[in-house]
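> Sharing a model that was predicted from the sequence below.
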Amino acid sequence: MTRTAIYKMSLAAIFGLVSGIAGYQFYEHRHYQAPIIAGPGVTRVVKLHEYCPSLKGTPADTDVFFLEGAGDGGTVLLVANTHSNEPAARLTAEIFLENCTIQKGRLIVIPQFNNSGSRNTKPGDGYPLYFEIPTAWGKKKFRMGNRNASPLDSWPDPDVYIHYPDRSLLSYLDVRNTNRTWPGRPDGPLMERVCFAAMELIRNEQVDVAIDIHGAETMFPVTNCIVAPEKSSRIATMVQLMTQAMEGFTVNVYPSPQNFRGLSHREIGDYSNAMPFLLEAPIPFLDQPTGPKTEELLLTGRDPLLLSLARQGKLFVPYDEYGWPMKNRVGQHCSVILEIMNQLSQASPERAVVAENVPRYKDVLEHDVGYYYHNPATADPARVYPN
Amino acid sequence: MYLHIGVILLVMAAAYTAANRLKLSVELRMLSATLAGGITGAFFHTPPLMQLGRHMIEGSFTYLDVMLVFVTATIFIEIMATSGSVNFVVRGIVTTFFRVRMLALFLLMFVILIPGALTGAGSVSVLTVGAPCALALGYLGVSRGRSAAILFIIAGLSAAAPPVNIWAMIVSAGTAIPYVGFELPLGIPVLLLGTFTMLTLGWRQEQRLSLEQVLAEMPPVPEGMAWWRVALPFGVFFGLVVIGRVLPFTIPIMGLPLQFVLSAAVALAVSPGPINILTLSRDTVKKLTPLLATMAVVGAMQQVMTVTGVKGLISFAVISVPLIMLYALLVFIIPASEGVLTYGGAAIIGIPLVWFLDSRGLHATVVIAGLSLLWPLGDGLPPTALIGRLTMMVTEYRESYISFLKKTWIPWLAITLVGILMVIFSAKLAFLVEWSM
Ligand SMILES: [Zn+2]
């Protein structure tokens, strides 16, 4: 054998080894299950394909949890992990699922809305594959997902994504983005089917309020806010005033743009009777000018580069050495959701939804997020849902 | 504050320089820098050592879709060139319009623009239509040096031209800004600047080759070649794109790679002579391998620089510079980043830059369009000077590289000016984006 041949073969062997290990890590990530425990309030769990049969058997199918109260009332839908790289959403939804009981009305929770995206990674952006939340019984490990569904599940992409039914032109990537494919259609691309199923759920279950939980960069103007169309704006403003006065944190209210199509806060309102709200909490991890993309940055939101930019007045949220820990983001989401329910109940008492045993902002700050998660090893196996 | 990130950046620069000394190609230089940066980062647990391989592999997939478009589009263009279409068109232009010289120059500009516009790579323009166009320019009285300059500048503009602009695709993907509405913000400046280049560099008739002399030097056109054989494959491609836009909810999603493959099949079917598609594909991929490797390495480098914090530090530096100074610096930074990192400049500097300018109220789409006029200029700058060197080779211009580069200064200046002004006045030009959609 010549020297070149030996050289080439050893390079190929090294490459094979490295990609073999990486491939195994990706496979593990795609198939890892973070269990959700159905708490005392959960009355039944169905699959999203019940509302759009063509989802059945696809990697986009996902669990829908119903929490039904004894008293008559309205219905609130909570959608989390529309973007699985904004994980405060799923953490918030799990606090509701594992602890909440409903007195009046119904709460429906989809904790992993873009299931395919949560099993995908974002090439180029260097995310950790997982993050861990400390609890009383050990650490609970979650997948860090991607903004878009996996091309393994939805492919090929079009040259441009043409929004249905409005025909707005969007980026080709947005065909895999479940915050651009609303209201969807039953036989469209996979993510349009996911959104269509949710629209059917909203219409068939007579949902009054639909809340879509997100996170946004601190250097992005639309962050730390509630995005609401006209029909939801009164409640959104009340929520802003109440949380500011009673709980000491400030979220802004942004109107939902009329002609930016495909987003939940636009299409849910236009294609159903529900009032949509989209919640954004800051997620410094996603900002461009940060240090290394570590799990610690994801959980603490603390970064010296961002701090320096904050002092130059270049961020859109208050920011100091404290950072933006996960508990602040999750705590804000909990309080905002509870306050939306409260405002709904006051505005139309016959459509009231009354939830109990959900921590508010100051509780989450005091105990931290993991305090509200239960041990899947000691839970009733029938109540544990791999997710 | 984050002193160690600076150390990682220095190690990467040192590895790049060392690889340069060893005369390694640009993609291997970038790979060396990436590896060195990743290993240094692992000392600080960013990334953890066992994740380094995963980050490299994951990163190399960042631009997989762009690479697919690139390969399929180039195979399509290569079939067109091999079938004799290009020679047929260039001969047609020269023999029909030799009395109306400016019109002939204008049409030749389109011939150079099309392959790069469809593939996103100026090198495809140079390789497929460069030689016959240079001959035709010579016939029209343009000196060899100026022909080379024209070919380089127009090929650069062709890479920026819609529908496929790889710099814009990279920046759009990294900033979550739709790769949509670029047709007019890119198309209009490309046509204006292209015409300007043809006028300034092609105006003077410095020599005179006879028609017979030129036609004799051009490869013969195969028997049976006809206009419809040239037009049909392009018609199929644009037809597929248009029908996808007109009937988006009934036509299944094909994607650009399949659309190019179908057009390539048609081109193959209507070629007057037989073409061995296997040999042609193999040769094309061989030719493209350095560029494909570059795209893969750029993605890996982007990911390693992000996970180590180096990209964050660079973004921080970009964002901290006062806006006026930033505009002035772009004139140099943008082409230089391309000269050093090829498409890496768009990923490492372009993404944070556009993010920042967007948050300052500039119109991101127009900003990206403006910047992507500047990036192709960098393809003429060392250390890579990829397209510049290709151009000299194809046009058989034998003077020094510097003397070639000097001949491009007028259009270079014009392109820089237009690009920077588009960035600064992007908000006022937003109507171009709306009209495109
Ligand atoms: Zn989001």
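Nice, thanks for sending it over.

> Show me what the lowest-mean-pLDDT helix or strand in chain B is packed against.
Least confident helix or strand of chain B, by mean pLDDT, DSSP states H and E, is helix B:211-217 with a mean of 80. For helix B:211-217, the packing partners by 3 or more C-beta pairs under 8 Å, 6 or more residues apart in numbering or on different chains; DSSP states H and E come out as helix B:85-97, helix B:122-139. From N, CA and C alone the C-beta is placed, and that goes for glycine too.

> and the residue positioned nearest the centre of chain A, what does it touch?
The residue lying closest to the centre of chain A (C-alpha atoms, centre = their mean) is A:Asn81, at 2.3 Å. A:Asn81 makes contacts with A:87, A:89-90, A:93, A:111-114, A:117-118, A:145, as judged by C-beta atoms under 8 Å, 6 or more residues apart in numbering or on different chains.

> returning to what we had before: tell me the angle of whatever helix or strand comes next after the least confident helix or strand of chain B relative to helix B:85-97?
Using DSSP states H and E, the helix or strand that follows helix B:211-217 in sequence is helix B:227-246. Note on geometry: by axes from the mean of the first three to the mean of the last three C-alpha atoms, to 10 degrees, helix B:227-246 and helix B:85-97 are set 110 degrees apart in direction.

> Packing partners of the very next helix or strand once past helix B:227-246?
Counting by DSSP H and E, the next helix or strand C-terminal to helix B:227-246 is helix B:255-270. Under the contact criterion of 3+ C-beta pairs under 8 Å, 6+ apart, helix B:255-270 touches helix B:64-82, helix B:227-246.

> could I get helix B:255-270 in CSV with only the CA atoms?
This file holds the C-alpha atoms of helix B:255-270, laid out as CSV (Å, rounded to 0.1, in the frame of the first residue of the first chain):
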residue,chain,number,x,y,z
GLY,B,255,-38.3,21.9,-4.3
LEU,B,256,-35.6,23.5,-6.4
PRO,B,257,-33.3,20.4,-6.7
LEU,B,258,-36.1,18.3,-8.3
GLN,B,259,-37.1,21.2,-10.5
PHE,B,260,-33.5,21.4,-11.8
VAL,B,261,-33.3,17.6,-12.2
LEU,B,262,-36.5,17.6,-14.3
SER,B,263,-35.2,20.5,-16.4
ALA,B,264,-31.9,18.7,-16.8
ALA,B,265,-33.7,15.6,-18.1
VAL,B,266,-35.5,17.7,-20.7
ALA,B,267,-32.2,19.3,-21.7
LEU,B,268,-30.7,15.8,-22.1
ALA,B,269,-33.6,14.7,-24.2
VAL,B,270,-33.5,17.6,-26.6
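
> Run a quick neighbour tally on B:Arg204.
The number of residues packed near B:Arg204 is 11, by other C-beta atoms under 10 Å in any protein chain shown.

> SS state for it?
Classification of B:Arg204 using DSSP: H, G, I helix; E, B strand; the rest coil returns coil.

> just checking, B:Met392 touches B:Ala149?
No: counting by C-beta atoms under 8 Å, B:Met392 does not reach B:Ala149; the two are 10.4 Å apart.

> give the contact list for the residue of the stretch 51-200 of chain A found nearest the ion.
Nearest residue of the stretch 51-200 of chain A to the ion, counting by C-beta to the ion: A:His83, 3.5 Å away. By C-beta under 8 Å, 6+ apart, the contact set of A:His83 is A:89, A:114, A:117, A:147, A:177-179, A:214-215.

> Would you mind measuring from it to A:Ala22?
Look at A:His83 and A:Ala22: by C-beta to C-beta, to the nearest Å, they are 24 Å apart.

> and the least confident helix or strand in chain A by mean pLDDT, what does it pack onto?
Across the helices and strands of chain A, mean pLDDT, DSSP H and E gives its lowest value to strand A:169-170, namely a mean of 82. Packed against strand A:169-170 by the contact rule (3+ C-beta pairs under 8 Å, 6+ apart) you find strand A:161-162.

> and the least confident helix or strand of chain A, which strands flank it?
strand A:161-162 (antiparallel) (DSSP bridges).

> Give me the distance from the strand it pairs with to the chain's centre.
23 Å (C-alpha atoms, centre = their mean, to the nearest Å).

> And for stretch A:63-81?
The answer for stretch A:63-81 is 16 Å, by C-alpha atoms, centre = their mean.

> With stretch B:392-410 instead?
Here stretch B:392-410 is found 19 Å from its chain centre; the criterion is C-alpha atoms, centre = their mean.

> likewise stretch A:286-294?
That offset, for stretch A:286-294, works out to 20 Å (C-alpha atoms, centre = their mean).

> ok, and what's touching it?
A:85-86, A:125-128, A:215-219, A:284-285, A:297, A:303-306, A:309, B:2, B:5, B:41, B:44-47, B:306-309, B:311-313, B:315-316, B:319, B:351-352, B:355-356.

> Let's see that stretch as CSV, backbone CA atoms only.
Below are the C-alpha coordinates for stretch A:286-294, written out as CSV (Å, rounded to 0.1, in the frame of the first residue of the first chain):
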residue,chain,number,x,y,z
LEU,A,286,-31.0,32.7,21.4
ASP,A,287,-29.3,36.1,21.1
GLN,A,288,-26.4,36.4,18.7
PRO,A,289,-23.8,38.3,20.8
THR,A,290,-23.5,35.8,23.7
GLY,A,291,-20.7,33.7,25.0
PRO,A,292,-20.6,29.9,24.6
LYS,A,293,-24.0,28.3,24.0
THR,A,294,-24.1,26.2,27.1
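
> May I have the residues that are in contact with B:Phe404?
Contact analysis of B:Phe404 by C-beta under 8 Å, 6+ apart lists B:145, B:148-149, B:152, B:388, B:391-392, B:397.

> quick one: which of the residues you listed is nearest A:Leu169?
B:Phe152 (32.8 Å; C-beta to C-beta).

> Let's verify the closest one: helix, strand, or coil?
helix.

> looking at it, it is touching B:Leu377, isn't it?
No: judged on C-beta under 8 Å, B:Phe152 makes no contact with B:Leu377 at a distance of 9.4 Å.
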